[in-house]
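Participant: Need the 3D shape of this:
(2 chains)
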Amino acid sequence: MISRSRVVSLFCAAVSLLAVFMPRQASAVPQFARRYNLKCSACHTIVPVLNEQGYMFKRLGFHLPPALEQGKAADRISQLVQKEREWSLTNNASLAVTDFSYTAERTTSEGTPPSSTSSFQVGSWNAYFGGWIPDTNFFYYSEFDIVTGGSTNPDLSNAYFGYSGGRADSSWYLAGGREHLQIGEGTRAAQVYSLLPNSPLLLENPSATNFVVDQSPVGVDAGYTWASSGYKRVFAATAKVTNGVNADGSEILTSSNRNSKDVWADVDFWYAPESGITYLGYYGKKDNVNTDPTGAQFTFHPVIRRQGVFGNYMFKSKVDVLAGYLHSHDGWAFAATGPFGNFVGNDYYVATDYYVWQGFAFSGRFDRLNQQITGVGGVGKQNLHDWTIGMNKTLTESGNIIGRIAYSSQAGSDPVGAVKGTDKLFQADISFNF
Amino acid sequence: MNRYSIQSAFLGFAAVGLLWLAGARPANAQFTQNRETIQINQSDLPPEIHQAYRTFKAKCGMCHTLDTSLKPSLSAAQWTAVVKQMQAMASSHFNSREADQIAKFLAYDEIHRKAAAREAIGATSGSSPVAAGKQLFESYGCSSCHSVAGAGNTASALDGIGSKRTVEELKKLIVSPPSGSTMPPMDVPAKDLDTLVTYLLTLK
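Facilitator: Alright, predicted model coming up:
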């Protein structure tokens, strides 16, 4: 019979291991590393943050960007297709990309008792299937999420087909299906991926109108990419037309009586090793449900606008300094017949990732959201700020298993009711990509 | 979580799992990037190669394992060309001085460690030229670009080549591939060439 002290020791050891090997949102696609026999760091600084090569890989329709030597003609996409390895299921599918985490969280909110929670959980479990159709320029990608946020909730969150053409230094693509809004990915500071467990607030925080940039709507998009020799400079532009989102912020996946479509634009410029700037813009409409002063619910149709600029600079492949700014401007109604106002948000973040050596990095980020609903009935300027620190360490030679520890502290008030609240979160996870 | 969710998850797993099993390839398609079989002992390197090796490991090791980087067997001029090509890849980020260092180490490794390994092949393969040829096939890094029975790079399979090509044709293809071919001319001594071709002729 195992003694109580031994049980306690084992439990403490397990908790310590988890705490050391921190957790993360798993979203790398290891079948591509398998296909090309490359380490994860060929396309990522640390999974899942993409480097310039990973970015180009997506822009070229999941083909490895070839060498661009000065004075030599770049390969056509159709030539890249011919050089690809034989198609096989194991080189096009990742059965399990998952993370196991421990979280401890304490939240407070005015008018309600504080709450503390802690849990071990399988944070996410995703399966990917992506690649190209043999001997053609067509590509495809799907992501089947089995577990999300610790809950089993099967969802085909990405499923699209596309066609890429042109040459490696001047290429274009057309794609359609359910794609992440930032399918062009953006340069480093604009990516929804981060070394920290959560994306910057301006990408993942829902606005008062239930709109969030981190979404995967159904639509069609087109992109153009230009690269100089040695990929010293890369310019890319993407335009997308989507269904938009429902009143609750969920993506419209099937027919809807809201017939207008939303548009999204993304312009990226990589100008130095692993450094770049991005402009993002969104324009659309959505249904929104509000409660008027008498307590009655009504639906109105605000116009949604987002405009953002993001930039990063990587110093000597060691220190990456990132910053982003997003301006939000949405319609707002206090009652079905007015008065009318606007939801205005100005969100920014600054962050630093220090890569001590390959596969080991410390990160820190400060976010601030200034939000206001203008007009009679508005509660004035409110803000939410968040700081997060973390550490990432790859645990294998290739970098496909990663541990992470992170701590974040958030405080502020919401723009609708000015209710103050705080949230402190410790997270340790380990992610497996195979 | 409702019953539908559980059923969906189960069916999803079952479908993907069956496909996975059906398409799995035992040797060549596994995730081998965590496996290093080649070991470089720094103490065996002369001082002037130490820095070159460190540069090679730091820069090439970003994307490749040692096994992948050191598998092909090329001449010094060919290595220089390969390194120049790598320098023009996205996210390679090494300058011309570092490129020279990398090429210097690869050329050194070619004429020392790899040459010694090839010399040992005759002794370890007994009297069988086919077995020796198979080892030379690996030693010269042929499997970087070619596969045999699914092992190696399946982009260019050599299965059946023994019944399609003559001895002379095979020799010519190895040392002097046709212009426009992606295969580099291989600097293979006559004795090794004979042994290599003996093995390739068995691939029918």
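Participant: all contacts plus neighbour counts: C-alpha atoms, from now on.
Facilitator: Noted.
Participant: how is chain B carved up into domains?
Facilitator: For chain B, the domain assignment from automatic domain parsing gives the residue ranges B:47-124, B:127-204.
Participant: Can you lay out those domains as CSV showing distance to residue A:362, mean neighbour count and mean pLDDT?
Facilitator: CSV is the format used below for the domains of chain B (distance: least, CA to CA, whole Å; neighbours: other CA atoms under 10 Å in any protein chain shown; pLDDT from 0 to 100):
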stretch, distance to residue A:362, mean neighbour count, mean pLDDT
domain B:47-124, 19, 18, 91
domain B:127-204, 36, 17, 86
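Participant: distance of residue A:57 from residue B:60?
Facilitator: Distance from residue A:57 to residue B:60, counting by CA to CA, to the nearest Å: 19 Å.
Participant: quick one on the thing from earlier: could the domains of chain B go into CSV alongside distance to chain A?
Facilitator: CSV is the format used below for the domains of chain B (distance: least, CA to the nearest CA, whole Å):
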stretch, distance to chain A
domain B:47-124, 4
domain B:127-204, 4
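Participant: okay, the ones you listed in JSON lines with distance to residue A:393 next?
Facilitator: Compiled in JSON lines, the domains of chain B are given as follows (distance: least, CA to CA, whole Å):
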{"stretch": "domain B:47-124", "distance to residue A:393": "15"}
{"stretch": "domain B:127-204", "distance to residue A:393": "30"}
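Participant: all helices of the chain, in order?
Facilitator: By default, I'm working from chain A. Ranges of helices in chain A, per DSSP state H, are A:4-20, A:30-36, A:52-59, A:77-83, A:201-204.
Participant: meant chain B, my bad for not saying
Facilitator: Using DSSP H, the helices of chain B run over residues B:3-23, B:47-60, B:66-70, B:76-87, B:96-109, B:115-124, B:129-139, B:167-175, B:190-200.
Participant: name the helices or strands packed onto the second one?
Facilitator: So the one you mean is helix B:47-60. Under the contact criterion of 3 or more CA pairs under 8 Å, 6 or more residues apart in numbering or on different chains; DSSP states H and E, the helices and strands touching helix B:47-60 comprise helix B:96-109.
Participant: So what touches the helix it packs on?
Facilitator: Helix B:96-109 is touched from outside by B:49, B:51-53, B:55-56, B:70, B:75-76, B:79-80, B:83-84, B:87, with contacts defined as CA atoms under 8 Å, 6 or more residues apart in numbering or on different chains.
Participant: One more: stretch B:66-78?
Facilitator: A:37, B:36-39, B:57, B:60, B:103-104, B:106-107, B:110, B:138-142, B:144, B:184, B:186-187.
Participant: swap in stretch B:117-136?
Facilitator: By CA under 8 Å, 6+ apart, the list of residues contacting stretch B:117-136 from outside reads B:139, B:192, B:195-200, B:202.
Participant: hmm, try it at 6 Å
Facilitator: In this structure, residues lying in contact with stretch B:117-136 by CA atoms under 6 Å, 6 or more residues apart in numbering or on different chains are B:195-196, B:199.
Participant: The residue nearest to residue A:324 when sequence neighbours are not counted: how many residues sit nearby?
Facilitator: Closest residue to residue A:324 in three dimensions, ignoring its sequence neighbours and counting by CA to CA, 6 or more residues apart in numbering or on different chains: residue A:310, at 4.2 Å. Here the count is done by other CA atoms under 10 Å in any protein chain shown, and residue A:310 has 24 residues near it.
Participant: wouldn't residue A:310 be in contact with residue A:281 here?
Facilitator: No - the pair residue A:310 / residue A:281 is not scored as a contact, 11.6 Å apart, by CA atoms under 6 Å.
Participant: Okay, now the unreliable bits of chain A?
Facilitator: By pLDDT under 70, the weakly predicted segments of chain A are A:1-28, A:184.
Participant: swap the cut-off to 50 and go again
Facilitator: A:1, A:7-26 (pLDDT under 50).
Participant: Can you name the residues of it that neighbour chain B?
Facilitator: Contact residues (CA under 6 Å from any CA of the partner chain) of chain A with chain B: A:34, A:38-39, A:41-42, A:52-53, A:67-69, A:85-86, A:89-90, A:230-231, A:397-398.
Participant: For residue A:55, see how far away the closest residue to chain B within the stretch 201-350 of chain A is.
Facilitator: For the stretch 201-350 of chain A and chain B, the shortest gap (CA to the nearest CA) falls at residue A:230, measuring 3.9 Å. As defined by CA to CA, residue A:230 lies at a distance of 14 Å from residue A:55.
Participant: Let me see the contact set for residue A:243.
Facilitator: Applying CA under 6 Å, 6+ apart, the residues near residue A:243 are A:218, A:252, A:261.
Participant: In ChimeraX, how would I select the buried members of the residues you listed?
Facilitator: Buried residues within the contacts of residue A:243, by 16 or more other CA atoms under 10 Å in any protein chain shown, are selected in ChimeraX with:
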select /A:218,252
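Participant: Could you export the contacts of residue A:243 to CSV, including columns for distance to residue A:353?
Facilitator: Formatted as CSV, the entries for these read as follows, by distance: CA to CA, whole Å:
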residue, distance to residue A:353
A:218, 33
A:252, 36
A:261, 37
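Participant: The contacts of residue A:243 in strands, which ones?
Facilitator: The members of those that map onto strands under DSSP state E are residue A:218.
Participant: Out of the contacts of residue A:243, flag the one nearest to residue A:130.
Facilitator: residue A:218 (17.6 Å; CA to CA).
Participant: Verify the contact between that closest one and residue A:175 for me.
Facilitator: No - counting by CA under 6 Å, residue A:218 stays clear of residue A:175, with 10.8 Å between them.
Participant: got any residues that touch both of the two?
Facilitator: Looking at what touches both residue A:218 and residue A:175 (by CA under 6 Å, 6+ apart), there is no common residue.
Participant: residues touching residue 163, list them.
Facilitator: You didn't pick a chain, so chain A it is. Applying CA under 6 Å, 6+ apart to residue A:163 gives the contacts A:137-138, A:173-174.
Participant: oops, I was thinking of chain B
Facilitator: Contacts were defined as CA under 6 Å, 6+ apart; by that measure residue B:163 touches residue B:204.
Participant: what's the closest non-adjacent residue to the residue positioned nearest the centre of chain B?
Facilitator: Of all residues in chain B, the one closest to the mean position by CA atoms, centre = their mean is residue B:144, 3.0 Å from it. Leaving out its chain neighbours, the residue that sits closest to residue B:144 by CA to CA, 6+ apart is residue B:153, at 5.8 Å.
Participant: so that neighbour touches residue B:138, yeah?
Facilitator: No - Residue B:153 is not in contact with residue B:138 according to CA under 6 Å; the separation is 11.9 Å.
Participant: now residue A:87: how far from residue A:43?
Facilitator: Here residue A:87 is placed at a distance of 20 Å from residue A:43 (CA to CA).
Participant: Between those two, which has more neighbouring residues?
Facilitator: Comparing residue A:87 with residue A:43 by other CA under 10 Å, the one with more neighbours is residue A:43, at 27 against 16.
Participant: which residues does residue A:231 contact?
Facilitator: Residues near residue A:231 by CA under 6 Å, 6+ apart: residue B:90.
Participant: ok, now with 8 Å
Facilitator: Contacts for residue A:231 were tallied using CA under 8 Å, 6+ apart; they are A:68, B:88-91.
Participant: Kindly report the same for residue B:58.
Facilitator: Taking CA under 8 Å, 6+ apart as the criterion, residue B:58 is in contact with no other residue.
Participant: Repeat that for residue A:135.
Facilitator: A:81-82.
Participant: so how far is residue B:76 from it?
Facilitator: 34 Å.
Participant: next one: residue A:419
Facilitator: Using CA to CA, one obtains 70 Å as the distance from residue A:419 to residue B:76.
Participant: What strands line up against the longest strand seen in chain A, and which way round?
Facilitator: Counting residues, the longest strand found in chain A (DSSP E) is strand A:112-132. Strand A:112-132 has its sheet partners listed here by DSSP bridges as strand A:93-109 (antiparallel), strand A:138-148 (antiparallel).
Participant: Quick one: the ones you listed as JSON lines, columns for mean neighbour count too.
Facilitator: Formatted as JSON lines, the entries for those read as follows, by neighbours: other CA atoms under 10 Å in any protein chain shown:
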{"stretch": "strand A:93-109", "mean neighbour count": "21"}
{"stretch": "strand A:138-148", "mean neighbour count": "21"}
